[in-house]
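> Fold the following for me, if possible:
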Amino acid sequence: MYVLNDICYAGEMNEGIKVTEAKPLRGGMMLVTFSTGEKRLFDTTMLQGSAFAPLMDDNVFRNPVLFHGVITWNNGEIDIAPETVYRDSFAYDSMEVSSAIDRL
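Just a heads-up that it's a prediction; the model follows:
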């Protein structure tokens, strides 16, 4: 855990990595773009603890807000460090993701 600009983050500090876009998909998945330009898939259903329970509500899940490169939901009540999102996300085939987005 570390603190940067009065924000407490879980995990190890990874200088400069931020989320620049977070697009909700089906089934709790998100297409996340990082400040490195890399796009990855992140499964929010794997998040543990009661703090993440509101993400099961589709109205909450589908309305992420980026705050200083961090994905937040529910007026900032829920957040997850970009380093954690990157570490726990998956590489993907861009054609597969395009198909998933088109079906929304």
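
> Show residues contacting stretch 32-49.
16-23, 25, 27-31, 52, 55, 61, 69, 71, 80, 82, 85-86, 88-92, 94, 97 (C-beta atoms under 8 Å, 6 or more residues apart in numbering). Where you see a C-beta, it was placed from the backbone N, CA and C, and this is true even at glycine.

> and with 7 Å instead?
16-22, 28-31, 55, 61, 69, 80, 82, 85-86, 88-92 (C-beta atoms under 7 Å, 6 or more residues apart in numbering).

> show me what contacts residue 62?
In this structure, residue 62 makes contact with residue 24, judged by C-beta under 7 Å, 6+ apart.

> now residue 63
residue 73.

> and if you look at residue 80?
47, 71.

> circling back to that earlier point, among the contacts of stretch 32-49, name the buried ones.
17-19, 22, 28-31, 55, 61, 80, 82, 85-86, 89 (16 or more other C-beta atoms under 10 Å).

> Filter the residues you listed down to just the ones in helices.
With DSSP state H as the criterion, helices contain 61, 82, 85-86 from among the buried ones among the contacts of stretch 32-49.

> what's the span of stretch 42-60, first residue to last?
Using C-alpha to C-alpha, to the nearest Å, one end of stretch 42-60 lies 16 Å from the other.

> Which parts of that stretch count as buried, going by neighbours?
Buried, per 16+ other C-beta under 10 Å, within stretch 42-60: 42, 44, 47, 55.

> how close does the residue lying closest to residue 67 once chain neighbours are set aside sit to residue 65?
Nearest residue to residue 67 in three dimensions, chain neighbours excluded: residue 76, at 6.5 Å (C-beta to C-beta, 6 or more residues apart in numbering). Going from residue 76 to residue 65 by C-beta to C-beta, to the nearest Å gives 8 Å.

> Between the two, tell me which one has more neighbours.
Each of residue 76 and residue 65 has its neighbours counted (other C-beta atoms under 10 Å); residue 65 has more, 13 against 10.
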